[in-house]
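Engineer: Sequence first, predicted model second:
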Amino acid sequence: MDILSIVGIILAFAAVLGGNFIEGGHFSALFNLPAGMIVIGGTLGAAILHTARPSVMRAVKIVLWVFRPPPQNIEETANKILHWSLTARKEGLLGLELIAEEEKEYFAQKGLRLLVDGTEPEAIRSVMEVDLFLIESRDLKAARFFECMGGYAPTIGIIGAVMGLIHVMRNLADPEQLGSGIATAFVATIYGVGLANLLFLPIANKLKSIVQLQYQHNEMLLEGVTAIAEGENPRSIEIKLQGYLEHN
Amino acid sequence: MDILSIVGIILAFAAVLGGNFIEGGHFSALFNLPAGMIVIGGTLGAAILHTARPSVMRAVKIVLWVFRPPPQNIEETANKILHWSLTARKEGLLGLELIAEEEKEYFAQKGLRLLVDGTEPEAIRSVMEVDLFLIESRDLKAARFFECMGGYAPTIGIIGAVMGLIHVMRNLADPEQLGSGIATAFVATIYGVGLANLLFLPIANKLKSIVQLQYQHNEMLLEGVTAIAEGENPRSIEIKLQGYLEHN
Amino acid sequence: MDILSIVGIILAFAAVLGGNFIEGGHFSALFNLPAGMIVIGGTLGAAILHTARPSVMRAVKIVLWVFRPPPQNIEETANKILHWSLTARKEGLLGLELIAEEEKEYFAQKGLRLLVDGTEPEAIRSVMEVDLFLIESRDLKAARFFECMGGYAPTIGIIGAVMGLIHVMRNLADPEQLGSGIATAFVATIYGVGLANLLFLPIANKLKSIVQLQYQHNEMLLEGVTAIAEGENPRSIEIKLQGYLEHN
Amino acid sequence: MDILSIVGIILAFAAVLGGNFIEGGHFSALFNLPAGMIVIGGTLGAAILHTARPSVMRAVKIVLWVFRPPPQNIEETANKILHWSLTARKEGLLGLELIAEEEKEYFAQKGLRLLVDGTEPEAIRSVMEVDLFLIESRDLKAARFFECMGGYAPTIGIIGAVMGLIHVMRNLADPEQLGSGIATAFVATIYGVGLANLLFLPIANKLKSIVQLQYQHNEMLLEGVTAIAEGENPRSIEIKLQGYLEHN
Amino acid sequence: MDILSIVGIILAFAAVLGGNFIEGGHFSALFNLPAGMIVIGGTLGAAILHTARPSVMRAVKIVLWVFRPPPQNIEETANKILHWSLTARKEGLLGLELIAEEEKEYFAQKGLRLLVDGTEPEAIRSVMEVDLFLIESRDLKAARFFECMGGYAPTIGIIGAVMGLIHVMRNLADPEQLGSGIATAFVATIYGVGLANLLFLPIANKLKSIVQLQYQHNEMLLEGVTAIAEGENPRSIEIKLQGYLEHN
């Protein structure tokens, strides 16, 4: 559970709404169906037209990572790799067969299978590198779905605001209606700027950090598995993995 | 048929126009001939001056890819390549002659012809790599035609708006006319921001994704054809191609 | 003659001015000496201070390329290179002496001279590569002169507009004068945004495309001349050049 | 103590507040609780949601570097390295054991330990390079926490301003209240733009410079330690280190 | 003396002030102490906090290059290098000792000294390359001091403008004062946008061009000196240097 993400979202919305409340604003003034339709629908539509289908699907899947990041733990995985290298030293690569079957994580299992199959070290490296890159690129594209929503939302908020102003301008004679009409129009601006800056852009970036962490994690697996395939001794593998642990 | 593209366009316009309707706006208020002329004509003019001739032509050709992407299917092509490698193994490279003649796709046919001609593997790779790069660069430039329209439209919308405001300012004495005049002026803003964010920019990006996918597709063809030329066995070619399939 | 450039400029200005006319605006409202002085003088001044002297000079020279691009034709040049390779094969490199004297294009002549002098292939490549790069970099810097004018014009338009508004604010008591004064102020905005988006930025980009095309053209000459120096046979040179022809 | 940082902050705030004071503004007009809550809370919330947890923690730790930069002195370190190389020449690598124990700086100590352990030069280089890169990347991410606060603050200031305007629009009938209400709304704009441009963005960049300087410092340590491990003579090490000293 | 820089600055300010004058504006309306304090003080403060100390110092030193560029002349230096190569050929590298003592330019002298000391060609190249890079990076950072002032000035102008508006809003009842008050507020906008676009940004870029030219100049020295150390003959050195001369 990523508690900072939850703190961030609650803090941001509490501060904005609380500030408005103290100022004497009514929450009701911030709810406005047409503004919501224009900004949310328009942004979603533009983002769906913008993004390739697989990335939209993946974006829906990984958005919850923001609160519940994938359970990959760098230290745990380093211990796992060490354990594999000791097993391989004692029982040979075939000794990893059982471990491979029980391993649940996709990339770790793929590495173990390549080891058990007796694949050449360079072949393991090249197969796993392609995979590493494709996983990262797929997930970065999904994260960019939220980035592009963060880009479209404020401009579509402006469309909503200007549409509201047009509506208002037709009733200029009546200054009372003018004020409340402009207020309605401004809500679209708040929705656009607010959704982009309090939700879409921060979410996009948090997802990118997670994807990058996962890349490091998978890279460590790649280095570890290749080292086992090359028959490096467990002690030297341990030293290699330490670099990944120290500054995280 | 790329259904998500159609959903995106319909959702975006339905949301924006629907929100305006619920708010009590009249559609008629959004139609304005001078604003349309200024924004569409100005944007198109700037974009045509901006872009080299072949890219304008190509942009017109590939814009429909947004709804009907080129029928290249990564899995199908992988199967085709496997089939070629088996044929080459059984009947020699000359056995591909018939297949080459029937192949309709430009890049696949080029590869097959090079194989049938008995070209050296490195020569095949270098010829196809140049082609790969030139195709990608030509299509990216065409996609950028829409990106640059998305860049010019909002600023030209501002020109239209300010021109409208100038017109209005001349009749300041009459507050009724003032309101409807400002409304007219604001429509240009909506056209500029709306066209850019609901059409041009998303289309440009969707085209870029398609070009990138096509690049991967052609790269797979290049790798497959070179492997066949090098006499790799079909099983090892299959493993090589799997990387392209798994994360798409 | 680049007809699309002319179409683009005419279309853009016709659309913007035509839209203004249909709306009922007077052209006279768009002419304003102080606004013109501020925007054009200020932009030119900033751009001249911004840019190194040789690039300003070069920018003045190549701006007409937008309408009359340099007469380099990729196909023609490919034919020329083939002709040279046949001559060299028949009469030896010295047979190119006459052709070199008659060649008018700078880069082609340079290549021919290096051939006639019997320079080593690697030396030819390295001398021509430096030249290739320096020509491209010099012309790109000149194209960027217009890009930077496109960057300064809108902000200097804002300076003009705010100066106008200051002037107006001093006469707030008189609402008639207020309106016409604001109109005057807004013309500076139109000049700034319009010059940038209808002229400077598109011209900068069109020049960049031309520079890039010229780079490809010169690169083809470099490859052709080096291949002749290496004694490659004309048929294999022809195949090499085809990559440049196909996707242009 | 980085005196220029302190001068910069004091100068910026003194100029802005002093200018306001001379103009006749009351400081009280710049204090506004709701605006402060919205901008500071909203920006902090968005930045916390945006940034990965370790980078938030690190950002809190290193922000004081702006005033009290880490005490790494390039010249002092160069002298230290020279001293080590002389010691190693006289007493062998084991002679560095005592120095290693007394060394307080993390990276210098790590290098000395590797030397004392008799690690191979290439191994030292590769271990220290990974460390170098990880330290830099960790600290740059922390610096980017302030950059992203500098990005969010102005847009959240706009949210606060528009919320204030909505509040004001409801009381349009009363022109007195209108003025003071708009004033309140504008304070949020000042908070957003001011915090971003007078604090967050300059701090982010100052931290980046410090991280870069530290990188150079650690790189010098890496080069020095590797040279000692390779048994280079102290004089040649001195020449190598001079490059780092001359232009700093 | 860089006459174009002076022309640029005078043209820009003459156009903007002249336009304002023709429009009927009083210069007095553009002088405003509080606005000046806020924009200049705030921008300077932010830029000083933003930039590392050595770059601030260097920026102050090199800003005059805009009008009086360093006297490095590519052609002259090429002639000097040729002269050195002839001397070295006739009298040996030691013959350069006197020339080295009389050479005043830092980088040329450094190269000559390395030659006279009989340093190995590769060592000369590596020592001079480090220097080349460090000089360029130090001067680019100094140029970026003006770039960051160009970035902060407009936003701090907005702070000044909004502060002015707050002040004005408190006196809404009195329309006369309202107008002159808004005028005062707008001057801050002009100062911010004007300083950035007519001074800071163009100066930053002009400095960058000069730094780049100096880099080319020093690179030519590096190539020349290394070629002399390798004992290349003067004729072949001349051909090498020509590439630098032709397109400048």
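Structural biologist: Great, that's in hand.
Engineer: ok and the longest helix along chain A relative to helix B:121-169, angle-wise?
Structural biologist: Among the elements of chain A assigned as helix by DSSP state H, the one spanning the most residues is helix A:121-169. For helix A:121-169 against helix B:121-169, the angle by axes from the mean of the first three to the mean of the last three C-alpha atoms, to 10 degrees is 10 degrees.
Engineer: Any residue of helix A:121-169 touching chain C?
Structural biologist: No. Shown here: helix A:121-169 not in contact with chain C (C-beta under 8 Å from any C-beta of the partner chain), separated by at least 15.6 Å. (Each C-beta comes from the backbone N, C-alpha and C, glycine too.)
Engineer: So which bits of stretch A:29-36 are buried?
Structural biologist: Neighbour-count burial for stretch A:29-36, counted by 16 or more other C-beta atoms under 10 Å in any protein chain shown, picks out A:A29, A:L30, A:N32, A:P34, A:A35, A:G36.
Engineer: swap in stretch A:160-172?
Structural biologist: Buried-residue list, stretch A:160-172, by 16+ other C-beta under 10 Å: A:G160, A:A161, A:V162, A:M163, A:G164, A:L165, A:I166, A:H167, A:V168, A:M169, A:R170, A:L172.
Engineer: quick check, that stretch touching chain B?
Structural biologist: Yes. Stretch A:160-172 is in contact with chain B by C-beta under 8 Å from any C-beta, via A:G160, A:V162, A:M163, A:G164, A:L165, A:I166, A:H167, A:M169, A:R170, A:N171, A:L172.
Engineer: what's the answer for stretch A:118-136, then?
Structural biologist: Yes. Contact of stretch A:118-136 with chain B (C-beta under 8 Å from any C-beta) involves A:V127, A:V130, A:D131, A:L134, A:I135.
Engineer: Name the nearest of these relative to chain D.
Structural biologist: Chain D has its nearest neighbour among the residues of stretch A:118-136 next to chain B in A:I135, at 18.5 Å by C-beta to the nearest C-beta.
Engineer: show me what contacts that closest one?
Structural biologist: Going by C-beta atoms under 8 Å, 6 or more residues apart in numbering or on different chains, A:I135 touches A:F107, A:Q214, A:Y215, A:N218, B:H247.
Engineer: For those, pick the one with the most neighbours.
Structural biologist: Neighbour counts for those (other C-beta atoms under 10 Å in any protein chain shown) peak at A:N218, which has 25 neighbours.
Engineer: what mean pLDDT does the host helix or strand of A:K240 have?
Structural biologist: Assigned by DSSP states H and E, A:K240 belongs to helix A:234-246. What helix A:234-246 shows for mean pLDDT is 78.
Engineer: same question, stretch A:38-56
Structural biologist: The pLDDT scores in stretch A:38-56 average 96.
Engineer: Flag the shaky bits of chain A, pLDDT-wise.
Structural biologist: By pLDDT under 70, the low-scoring segments of chain A are A:171-181, A:183, A:246-248.
Engineer: Setting aside sequence-adjacent positions, which residue approaches the spatially most central residue of chain A most closely?
Structural biologist: Of all residues in chain A, the one closest to the mean position by C-alpha atoms, centre = their mean is A:L207, 1.9 Å from it. Once flanking residues are discounted, A:L207 sits nearest to A:A143: 3.8 Å by C-beta to C-beta, 6 or more residues apart in numbering or on different chains.
Engineer: Secondary structure element holding A:A14?
Structural biologist: A:A14 is part of helix A:3-22, with elements assigned from DSSP H and E.
Engineer: packing partners for the helix or strand following that helix?
Structural biologist: Using DSSP H and E, the helix or strand that follows helix A:3-22 in sequence is helix A:33-36. Packing partners of helix A:33-36 (3 or more C-beta pairs under 8 Å, 6 or more residues apart in numbering or on different chains; DSSP states H and E): helix A:121-169, helix A:175-194, helix B:3-22.
Engineer: if I pick whichever residue of chain A sits closest to chain D, what's in contact with it?
Structural biologist: At 2.2 Å from chain D, A:A15 is the closest residue in chain A, using C-beta to the nearest C-beta. By C-beta under 8 Å, 6+ apart, A:A15 lies in contact with D:M37, D:I38, D:I40, D:G41, D:G42, D:L44, D:G45.
Engineer: Can you tell me how far A:I99 is from A:I81?
Structural biologist: Look at A:I99 and A:I81: by C-beta to C-beta, to the nearest Å, they are 11 Å apart.
Engineer: Neighbour count for these two, which is higher?
Structural biologist: A:I81 (24 against 18).
Engineer: Just the CA trace of whichever strand or helix holds that one, in PDB.
Structural biologist: According to DSSP H and E, A:I81 maps onto helix A:74-91. Provided in PDB are the C-alpha atoms of helix A:74-91 (Å, rounded to 0.1, in the frame of the first residue of the first chain):
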ATOM      1  CA  ILE A  74      14.300  -5.500  -4.600                       C
ATOM      2  CA  GLU A  75      15.800  -7.000  -1.400                       C
ATOM      3  CA  GLU A  76      13.600 -10.100  -1.500                       C
ATOM      4  CA  THR A  77      14.400 -10.700  -5.100                       C
ATOM      5  CA  ALA A  78      18.200 -10.300  -4.400                       C
ATOM      6  CA  ASN A  79      17.800 -13.000  -1.800                       C
ATOM      7  CA  LYS A  80      15.900 -15.200  -4.200                       C
ATOM      8  CA  ILE A  81      18.600 -14.900  -6.800                       C
ATOM      9  CA  LEU A  82      21.300 -15.700  -4.200                       C
ATOM     10  CA  HIS A  83      19.300 -18.800  -3.200                       C
ATOM     11  CA  TRP A  84      19.100 -19.800  -6.900                       C
ATOM     12  CA  SER A  85      22.800 -19.400  -7.400                       C
ATOM     13  CA  LEU A  86      23.500 -21.600  -4.300                       C
ATOM     14  CA  THR A  87      21.000 -24.200  -5.500                       C
ATOM     15  CA  ALA A  88      22.600 -24.200  -9.000                       C
ATOM     16  CA  ARG A  89      26.000 -24.600  -7.500                       C
ATOM     17  CA  LYS A  90      24.900 -27.600  -5.300                       C
ATOM     18  CA  GLU A  91      22.500 -29.400  -7.600                       C
END
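Engineer: Can you give me the buried ones in that helix?
Structural biologist: Within helix A:74-91, judged by 16+ other C-beta under 10 Å, the buried ones are A:T77, A:A78, A:K80, A:I81, A:L82, A:W84, A:S85, A:T87, A:A88.
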